[in-house]
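In: Only the shape, not the letters, is given here:
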């Protein structure tokens, strides 16, 4: 047994440390469950103090450490090389308190996102963060990756929903600021450093999250347009006209909508195929009938003004499920692809129409590219692409990357709107950050983790 | 002439550098216009490159630097000792662009907050940040102090409204990320470091700010309660019931309301004096008549349930002005005080009622304390106190500080909700931040400003 394994077992107890064969049923990503975890040890602490103990030992021995949450990250953020000690947050799984008057929930970092949503709902409150992996993603990872999702437009990214954080620095120092307060200008807001740091600046052990009053109504509509200007005009029209209750504005290009509403996909098209753009809107408000009437009146006005070509409205729960299934079931479309390459970029909203047209036409002119789908959280300027490839040759992958990432620097876009950098996007970071920015980031990393033991090799 | 003065004049030109007698009409705070500025030089750069040149020279010569915006800070954040070079942002005053489709405005840091509001309004957009000093405060200072104000509850602090920042580090390095995009998880979000850093980590020269569609209606109501539980219940009742359009929830204790609605103050009381709590609400929505009807229906329901004692509604623009004048004209009340001591604390919302009762009773038992007023942005947990003192003896000042700051650490409050730390609150920072937190803040400061030339002596 290695020294570090002995020290960790001595300090934490045999039952909290997995080594050797005990790692056989463990994995580094939920899509790779069949590959055994390659690591020095996996530890399951139950308290911040235990995380601090682990990090003190690892720091002293220059031992690399990776924190594991729900392992749903899409950029290789939790990949191991075999030399790492893993801190799994799976037993840091206590919901410590819901405070309905402060509208906060206090949780350990291993609590699953969906459990937070469910616990909030019991108190007639909403934790607005919502995305596909909610049933698996743990709050520590959600914060470390500043997760986004479907309602960012109204409620913000994870960063906007975190009031307090407890985290452990590389050397074991505990930085605890578990306040329930919304406003705190008492010097630097240190929690901002941990949000979106992808496990490279500290290990998050607890958080106070902000809740909002549960909306009393949820209304949706599907509309179709042929010009991108219409997409932006309709966003402004609905957002202004609904006076603050618009919560989702999801765009699907025809390439996505057609596949998602044609067999083998299971959904039927609520609006005929053949338009260029399809937008799914959501409003979370206080009075379903009034909200629906308002949406219909606004859509009719937009139709009269030529801003939209066609609209349908969700009248029942079944309609809501039907409409949202089309947007959320990306898997049904991607599973038809031979090989797929994913993108998650940000662009300034007015430029999206022409730039995506250009990207799509360039992608389709590449030999070896099959289907391409594009869709996204358009009110946030966030577009996802999935590109089908006939083969996995490096040259093709790079040609695709060049088409999508190439124009970003000039227009002030981002190679990662919400997924992060991790391992897979490291090479492209310089396409949307200046040398001076990356230099300062590395200085911050060096200050907080001088030995570079936290998630080494990720981000930079 | 000092070497540093010569170098700055050589580099920037004689007309951009004020020295010696030229500082006689300059000052360090808008409330101290009669006191001449005590500084080595005041420089008025017009570009980020010029700010970089100034800082390179100052860095090389270990020359302390303070950035001046509108000089409205309330914690001594711009006080000088005479040894500092001042970078005034007054000529960094260009609004570079409004992009109505991206809903962003791009400005140099010397642009005044009210100009941003007005420019946005021309495009049917709203910059939601709003506070008393809007006609004087400049955006650089607004960002450096993470200003709050009257609509934080709905739209967030300044931090939530800044999409891009250009800033210059102590050594002259330019950190520029002037993106218009809402989502950007491409590694660490460096702008968070500058927001709220009070000029100690860099000098902000430009920003991209987020705008929202201008609301089409503004409705207000005044209500009265006698129990703090009613105050919180009514907040939840209205926030849930209005489905997202509630934008203000301002609490005034009877101590404030009575003074603000009695001569020599000019406003009449919209609700009789004599209740314990008065709440002024604001809803920014899309349809004035429907919003008003909804507010009245919800208030009636609250009255029937015993959540409020009395309510009045703004029916005209004159009513809106009347109601808000009572809340905003703190000056009319404070000007009656002999000497005044101001506080800006945060508390967890459910604890506010009892804790403020306790603080008020302790303050009134101190000899030398006159009137005390308390009011605040209660949906944010932010309470302002102004305490009248008969004299300026240090012992009394400290006794008052002890009463208000003493209980904060235990309950997870803050000595500064929105004003910052600056010079005046340095001694109290340890009452709401741990030693480990302050240690990490100092490490960040040391990393970004190793010679300690930026606003030295402030915050820590």
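Out: Good, I have the coordinates. Given the structure is predicted, the values throughout are model-derived calculations rather than measurements.
In: C-alpha only now, for contacts and for neighbours.
Out: Fine.
In: Checking whichever residue of the stretch 301-450 of chain A sits closest to chain B next. Helix, strand or coil?
Out: Closest residue of the stretch 301-450 of chain A to chain B, CA to the nearest CA: residue A:417 (4.4 Å). Three-state call for residue A:417 (DSSP: H, G, I helix; E, B strand; the rest coil): coil.
In: In contact with it, which residues?
Out: Taking CA atoms under 8 Å, 6 or more residues apart in numbering or on different chains as the contact definition, residue A:417 lies against A:344-346, A:382, B:183-186.
In: Return a PyMOL selection command for the buried portion of the residues you listed.
Out: Typed into PyMOL, the next command selects the buried ones out of these (criterion: 16 or more other CA atoms under 10 Å in any protein chain shown):
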select buried, (chain A and resi 344+345+346+382) or (chain B and resi 183+184+185+186)
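In: what residue ranges in chain A score low on pLDDT?
Out: Flagging of chain A using pLDDT under 70 yields an empty set of residue ranges.
In: same thing but at 90, please
Out: Counting by pLDDT under 90, chain A shows low-confidence ranges at A:1, A:132, A:149-151, A:153, A:243-244, A:286, A:328-333, A:336.
In: Can you give the distance from the helix of greatest length in it to the centre of its chain?
Out: Looking across chain A with DSSP state H, the single longest helix is helix A:288-304. Helix A:288-304 has its average C-alpha position 31 Å from the chain's average C-alpha position, going by CA atoms, centre = their mean, to the nearest Å.
In: now stretch A:67-83
Out: Taking CA atoms, centre = their mean, the mean C-alpha location of stretch A:67-83 is offset from the chain mean by 14 Å.
In: Stretch A:220-234 now?
Out: Averaging C-alpha coordinates over stretch A:220-234 and over its chain gives two centres that are 25 Å apart (CA atoms, centre = their mean).
In: ok, now stretch A:302-309?
Out: 33 Å.
In: Flag every buried residue along that stretch.
Out: Across stretch A:302-309, burial judged by 16+ other CA under 10 Å covers A:302-303, A:307-309.
In: before we move on, the earlier item: measure the residue of the stretch 301-450 of chain A closest to chain B to residue A:108 for me?
Out: From residue A:417 over to residue A:108 the distance is 26 Å, taken as CA to CA, to the nearest Å.
In: and if you look at residue A:297?
Out: According to CA to CA, residue A:297 stands 45 Å off from residue A:108.
In: With residue A:231 instead?
Out: 41 Å.
In: and if you look at residue A:350?
Out: When distances are taken as CA to CA, residue A:350 and residue A:108 turn out to be 41 Å apart.
In: of those two, who's got more company?
Out: When residue A:350 and residue A:108 are compared for neighbours, residue A:108 comes out ahead with 27 against 18, by other CA atoms under 10 Å in any protein chain shown.
In: Does the residue nearest to that one when sequence neighbours are not counted belong to a helix, a strand or coil?
Out: With sequence-adjacent residues excluded and distances taken as CA to CA, 6 or more residues apart in numbering or on different chains, residue A:108 is closest to residue A:206, at 4.2 Å. Remark: residue A:206 carries the secondary structure label strand [criterion: three-state DSSP].
In: so what's residue A:206 up against?
Out: Contacts of residue A:206 (CA under 8 Å, 6+ apart): A:48, A:106-109, A:140, A:165-167, A:178.
In: one more time with 10 Å, if that's ok
Out: With contacts defined as CA atoms under 10 Å, 6 or more residues apart in numbering or on different chains, the neighbours of residue A:206 are A:47-48, A:92-96, A:106-111, A:139-140, A:164-168, A:176-178.
In: Need the buried ones from those selected in ChimeraX.
Out: In ChimeraX, the members of the contacts of residue A:206 classed as buried (16+ other CA under 10 Å) are selected with the following command:
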select /A:47,48,92,93,94,95,106,107,108,109,110,111,139,140,164,165,166,167,168,176,177,178
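In: In helices, which of the contacts of residue A:206 appear?
Out: When the contacts of residue A:206 are checked against helices (DSSP H), the matches are A:48, A:139-140.
In: which one of those is nearest residue B:276?
Out: Nearest to residue B:276 among the ones in helices among the contacts of residue A:206 is residue A:139, at 40.8 Å by CA to CA.
In: what does stretch A:290-300 contact?
Out: In this structure, residues lying in contact with stretch A:290-300 by CA under 10 Å, 6+ apart are A:217-221, A:223, A:234, A:237-238, A:241-242, A:245-246, A:281-285, A:288-289, A:301-308, A:310-315, B:290.
In: Buried among those? Need that as a selection in ChimeraX.
Out: Selecting in ChimeraX just the buried members of the contacts of stretch A:290-300, where the criterion is 16+ other CA under 10 Å, is done with this command:
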select /A:217,218,219,220,221,223,234,237,238,241,242,245,246,281,282,283,284,285,288,302,303,307,308,310,311,312,313,314
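In: Does chain B have contacts with stretch A:34-50?
Out: No: for a cut-off given as CA under 10 Å from any CA of the partner chain, stretch A:34-50 has no contacts with chain B; the smallest distance is 14.5 Å.
In: List the buried residues in that stretch.
Out: By 16+ other CA under 10 Å, the buried positions in stretch A:34-50 come out as A:37-48, A:50.
In: Distance to residue A:257 and secondary structure added to those, as JSON lines?
Out: As requested, those are arranged in JSON lines below (distance: CA to CA, whole Å; DSSP: H, G, I helix; E, B strand; the rest coil):
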{"residue": "A:37", "distance to residue A:257": "38", "secondary structure": "coil"}
{"residue": "A:38", "distance to residue A:257": "40", "secondary structure": "coil"}
{"residue": "A:39", "distance to residue A:257": "42", "secondary structure": "coil"}
{"residue": "A:40", "distance to residue A:257": "46", "secondary structure": "coil"}
{"residue": "A:41", "distance to residue A:257": "45", "secondary structure": "strand"}
{"residue": "A:42", "distance to residue A:257": "43", "secondary structure": "strand"}
{"residue": "A:43", "distance to residue A:257": "44", "secondary structure": "strand"}
{"residue": "A:44", "distance to residue A:257": "43", "secondary structure": "coil"}
{"residue": "A:45", "distance to residue A:257": "45", "secondary structure": "coil"}
{"residue": "A:46", "distance to residue A:257": "45", "secondary structure": "coil"}
{"residue": "A:47", "distance to residue A:257": "46", "secondary structure": "coil"}
{"residue": "A:48", "distance to residue A:257": "46", "secondary structure": "helix"}
{"residue": "A:50", "distance to residue A:257": "49", "secondary structure": "helix"}
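In: for those, which one is nearest chain B?
Out: Using CA to the nearest CA, the buried residues of stretch A:34-50 come closest to chain B at residue A:48, 14.6 Å.
In: Spit out the contact partners of that closest one.
Out: For residue A:48, the residues meeting the contact criterion (CA under 10 Å, 6+ apart) are A:54, A:92, A:108-109, A:166-168, A:172, A:174, A:176, A:203-206.
In: Over to residue A:181: give its phi and psi.
Out: phi -90, psi 150 (degrees, to the nearest 10).
In: just the one 10 residues further on next, same as before
Out: Geometry field for residue A:191 lists phi and psi as phi -60, psi -30, criterion degrees, to the nearest 10.
In: and the contacts of residue A:48, which of them are in strands?
Out: A:108, A:166-168, A:174, A:176, A:203-206 (DSSP state E).
In: now the helices for the stretch 51-200 of chain A?
Out: Listed in chain order, the helices of the stretch 51-200 of chain A (DSSP state H, counting those that start in this stretch) span A:113-122, A:139-144, A:152-155, A:158-161, A:191-194.
In: Nice, that's everything, thank you.
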